[in-house]
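Peer 1: Make a model of this:
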Amino acid sequence: MKTYTITVNGVAYDVTVEEGAGGAPAAAPKAAPKAAPKAAPKAAAPAAPASAGAVKVTASVPGKVFKVEASVGQQVNAGDPIVILEAMKMEIPVVAPQGGTVASIDVAVGQAVENGDVLASLN
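Peer 2: From the prediction side, this is the model:
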């Protein structure tokens, strides 16, 4: 057996290590891993009507809806912001891929979204 003193964050700890065969320290038995807690089922986002719009505007990153810039019925040009996402403490605008009329806004402020989720649709 060997005894060591280890200092962590200014606190000294005395540690004893047993030597196994061949002079190498014996591995301490590992505790059985604990099962991870089950996540609560995620509430499904309300589905947009199938005829809402021909052009889907999707999230390019996972994050949270910070602000909705456009409203249903509003005319938008390509590059106009539709929704602002917050991801990694940055505000990321999601823009219209082409010009058209906003047919639906499928998210609400504060809602969590994943990469590829439909945020809005255009006609």
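Peer 1: so what's the backbone phi/psi at the residue nearest the centre of the chain?
Peer 2: Nearest to the geometric centre of the chain sits P62, at 4.8 Å (C-alpha atoms, centre = their mean). With angles defined as degrees, to the nearest 10, P62 sits at phi -70, psi 140.
Peer 1: now do V68
Peer 2: phi -110, psi 120.
Peer 1: and it, how many residues sit next to it?
Peer 2: 17 (other C-beta atoms under 10 Å). Glycine gets a C-beta too; all of them are placed from N, C-alpha and C.
Peer 1: which stretches of this structure have low pLDDT?
Peer 2: In the predicted model of the chain, residues 20-52 satisfy pLDDT under 70.
Peer 1: make it 90
Peer 2: For the chain, applying pLDDT under 90 flags the ranges 1-54, 88-89.
Peer 1: just to revisit the earlier point, from Q111, how far off is the residue nearest to the centre of the chain?
Peer 2: As defined by C-beta to C-beta, to the nearest Å, P62 lies at a distance of 12 Å from Q111.
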